[in-house]
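K.L.:
Let me see the structure of the following:
(2 chains)
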Amino acid sequence: MITSQEQLQSVASEYKKKTAAFDAVIKICCGTGCVSSGALSVYEGLTAGLRGEGLADKVLVKKTGCHGLCERGPIVVFGQDEILYQSVGKRNIDADVASLIATVKEKKVAEQLLYKGEEKGKRYVSPYEIPFYSGQTRVVLSLNGALDPENIEEYIAEGGYGSLHKALHMSPTEIIDSIEKSGLRGRGGGGFLTGYKWRSCRQAQGNPKYVLANGDEGDPGAFMDRSLMEGNPHAILEGMAIGAFAIGSGQGYIYVRDEYPLAVHRLSLAIEKAREYGFLGKNIMGTGFDYDIDIFRGGGAFVCGESTALISSIEGKAGEPRSKYTHTVDKGLWDKPTNLNNVETWANVPHIIDKGWEWFQSTGSPRSKGTKVFSLVGKVKNTGLIEVPMGITLKEIIYDLGGGIQGDKKFKAVQTGGPSGGCIPEVYLDMPVDFDSLTKLGSMMGSGGMIVMDERSCMVDVARYFLNFLVQESCGKCTPCREGVRRMHEIVDRICRGDGCRGDVEHLEELGKAIQLSSLCGLGQSAPNPVLSTIRFFKEEYIAHIEEKRCPAGICKDLIKMQILPDLCTGCMRCAGECPVGCIEGEKKGVHVIDQSRCTKCGACYDACRFGAVKIE
Amino acid sequence: MEVNSERLHEIINKYHGSASHLLAMFQDIQREYRYVPKEAIKFVAGELNMPLAKAYEVVTFYKALSLTPRGRHTVHVCMGTACHLRGGTNILDAFERELSVGVGETTENGLFTLETVNCLGACALAPLVRVEEKDFGKTTPGGVKKIINEFSGGEPS
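P.N.:
Numbers count the residues shown, from 1 in each chain, chains lettered A, B, ... in the order given. So this is what the prediction gives:
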């Protein structure tokens, strides 16, 4: 058991000594994105190659958590971020592995694996030079992609659990004071002041108290919590232990989504190791403080991200929310005082204790302090995970870090906050991103999903998408949400099918407001947001669907037709090869024709054609 | 369907027979049988001394649990926002067509169950399909047959 700062340091220095003995360190991103792109084969190929060269003992190859630039995965980084290789093994794995080994042996940088930017011919060697990384301020993500999440010594070597030791020698009120003064607000989307919540829970009557982490990241398009749980699980445990000490809790749970088996695995390992080292369990770090954490796996229900539903779920019931006439800090899990924070909030805590509230307070915008992790996805060039100071503009995020829109198409909107949020149009691109400004636009920060849409995204279809999602996910306990959202979906679906009628838009607005006012929990109260915000900013698209029976973006299948323009068709046969139903006919070098009776309007031919000969009407 | 009561006891004991771990128990049972047999629900409810309706409420509430037998492979087509924008519905259509089943159904030969999932968290690779533990990123409607063949193992799909 580790009981002092000195012991922590000695574990750290011993581990550093051990790793310094290696000639080189290679970090392979094994986050979900890179693994899906084949990172594990790169790892296997590289370790086998190094063994063949007799270098297995000289080179340390690490599997790390998500590095962020998922679009260009698998990502391989050398040393202290000196060289970054992207798309390794995508085209020719053997040649790429040989290049990795050559980089180690001859210090030869493989040009073809370097990141290529927008400027022609420019290649970036270090990740620090790539705008995607240089534009970020990484706090919570600072160790993601740097350390092996399955090795607790790596975390300790980076100063891990030092904050816990420091906190255990502060008084609980001192800790709560500094969290409150730092201005940290809940990263799960609500934006409630964390310190205030902790204080209320500490002062609440009743024993025992519970400290929970919400890892039920259900927003489609958001994966920052997953990357944190997979990439740096100890930071979450450390934050929770500090919070538990401040609040006076002896037991906690991390609620993790069922769809995240790797996160469950990594967290379980981390908990086991933390207990071994005396950071969890009885008599933590010899101070007499007892606190332990168990993992609770969700069951694939979106509503369980809502605090009271999450608590019902841990109690062994169906995950239905209850109305919040009593706060969970007073009566939460098993009717005991309970403090629930999102995993990203917890991961911020050790940094605040370590560097002080003044440091945390110095970044961010006036009423939203610190940094926020966003997952930047959709029609943007550099999809991936970013961490930026609050108050940065949408334009900076999408164009400077994200590199702009794929295929240099026209930007249409950015959707933030998942199904609870809304779509923000181009005119507001200069808006600073923080809790309050996004709410003003009828959207919200949410957990941090940012989905970029271009001219080929139909806003009515997007509204239908979210409504369909919410109809499936509504727990059904309260009528406004169960029946109202379903009714909204019926109307929007009819509009997308070309059966919309005058008055539908007004009806949707009225229904939306009623649902917002009368639903029981956050899911229902925010469910109309995607519809109301698209009506607010893209009303003309609704009108085009209703009055002209036309889908301007060419997405709604009942309103479009695919056609091949004979003048532009070269007969290259690419479209016919891609068509999943084989409804494109024509000779090689002859004009091709789509059999309209069989066409599923999937657009595969449109995407395949290099001559712009496929037209969507 | 006959259930192995010894194995069910093991699962219940793993969670110290605590009703608050009902969901976890059913998840383990599902792993064992590839669905939650109603005999198992009765057994667990009896052992935990709870009304059968309460146990059913939990099983039917969570999407991760299934009351009907599932195929050998589960195809998860991601319906996250990023996947939707990049054509996820077309991928789903292609699977429905190729496997001749709807969402939540199992093919006649018991090989595939088709499911949708509301985001797997690998949005950069949209549209994404997961079969068992394997992810297929940037899929196209035309590539669906290849994925099915990979898991058909020579049997007609």
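K.L.:
how close does the residue nearest in space to the middle of chain A get to A:Ala263?
P.N.:
Taking C-alpha atoms, centre = their mean, the centroid of chain A lies closest to A:Phe223, which sits 2.4 Å from it. Taking C-beta to C-beta, to the nearest Å as the measure, A:Phe223 falls 10 Å from A:Ala263. Yep, even glycine has a C-beta here, placed from its N, CA and C like the rest.
K.L.:
ok, now A:Arg598?
P.N.:
Distance from A:Arg598 to A:Ala263, by C-beta to C-beta: 43 Å.
K.L.:
what sits up against stretch A:92-106?
P.N.:
A:23-24, A:26, A:38, A:41-42, A:45-46, A:49-50, A:53, A:55, A:59, A:76, A:78, A:83, A:85, A:88-90, A:108-110, A:112-113 (C-beta atoms under 8 Å, 6 or more residues apart in numbering or on different chains).
K.L.:
Return a PyMOL selection command for the buried portion of those.
P.N.:
Buried members of the contacts of stretch A:92-106, defined by 16 or more other C-beta atoms under 10 Å in any protein chain shown, are picked up in PyMOL with:
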select buried, chain A and resi 24+26+38+42+45+46+49+50+55+59+76+78+83+85+88+89+109+110+113
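K.L.:
if we can go back for a sec, tell me which residues touch the residue nearest to the centre of chain A, please.
P.N.:
Per C-beta under 8 Å, 6+ apart, neighbours of A:Phe223: A:Thr32, A:Glu217, A:Ser375, A:Leu385, B:Cys119, B:Gly121, B:Ala122, B:Cys123.
K.L.:
any chance of the residues you listed in TSV, plus distance to A:Ile311?
P.N.:
Converted to TSV, these look like this (distance: C-beta to C-beta, whole Å):
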residue	distance to A:Ile311
A:Thr32	28
A:Glu217	17
A:Ser375	26
A:Leu385	29
B:Cys119	23
B:Gly121	24
B:Ala122	29
B:Cys123	29
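K.L.:
Those in strands, which ones?
P.N.:
Using DSSP state E, the subset of the contacts of A:Phe223 located in strands is A:Ser375, A:Leu385.
K.L.:
More neighbours: which of A:Arg598 and A:Ala263?
P.N.:
Neighbour totals were compared for A:Arg598 and A:Ala263, and A:Ala263 leads with 28 against 11 (other C-beta atoms under 10 Å in any protein chain shown).
K.L.:
Let me know the helix or strand that the more buried one is in.
P.N.:
Element membership of A:Ala263, judged by DSSP states H and E, is helix A:261-276.
K.L.:
ok, and for that helix, which residues are buried?
P.N.:
A:Leu262, A:Ala263, A:Val264, A:His265, A:Arg266, A:Leu267, A:Ala270, A:Ile271, A:Lys273, A:Ala274, A:Arg275.
K.L.:
give the contact list for A:Gly384.
P.N.:
By C-beta under 8 Å, 6+ apart, the neighbours of A:Gly384 are A:Gly33, A:Gly68, A:Leu69, A:Cys70, A:Glu71, A:Phe132, A:Ser375, A:Leu376, B:Ala124.
K.L.:
so what's it closest to, chain neighbours aside?
P.N.:
A:Cys70 (4.2 Å; C-beta to C-beta, 6 or more residues apart in numbering or on different chains).
K.L.:
Make sure the one you found is actually in contact with B:Gly121.
P.N.:
No. In this structure A:Cys70 lies outside contact range of B:Gly121 using C-beta atoms under 8 Å: 9.9 Å.
K.L.:
so which residue of the stretch 151-300 of chain A comes closest to chain B?
P.N.:
When scored by C-beta to the nearest C-beta, the stretch 151-300 of chain A has A:Gly299 as its residue closest to chain B, at 2.8 Å.
K.L.:
wait, doesn't that residue sit right on A:Ser312?
P.N.:
No. Counting by C-beta under 8 Å, A:Gly299 does not reach A:Ser312; the two are 11.6 Å apart.
K.L.:
joint contacts of these two?
P.N.:
Shared contacts of A:Gly299 and A:Ser312, counting by C-beta under 8 Å, 6+ apart, come down to A:Gly319.
K.L.:
A:Ala347: what's it in contact with?
P.N.:
A:Ala347 neighbours (C-beta under 8 Å, 6+ apart): A:Val140, A:Leu228, A:Asn232, A:Ala235, A:Ile236, A:Gly239.
K.L.:
at 6 Å what do you get?
P.N.:
Shown in contact with A:Ala347 (C-beta atoms under 6 Å, 6 or more residues apart in numbering or on different chains): A:Val140, A:Leu228, A:Ala235, A:Ile236, A:Gly239.
K.L.:
Going by neighbour count, which of those residues are buried?
P.N.:
For the contacts of A:Ala347, buried by 16+ other C-beta under 10 Å: A:Val140, A:Leu228, A:Ala235, A:Ile236, A:Gly239.
K.L.:
Figure out the helix or strand that the second one lives in.
P.N.:
Meaning A:Leu228. helix A:224-231.
K.L.:
Could you check the angle that helix makes with helix A:261-276?
P.N.:
Helix A:224-231 and helix A:261-276 are oriented at 50 degrees to each other (axes from the mean of the first three to the mean of the last three C-alpha atoms, to 10 degrees).
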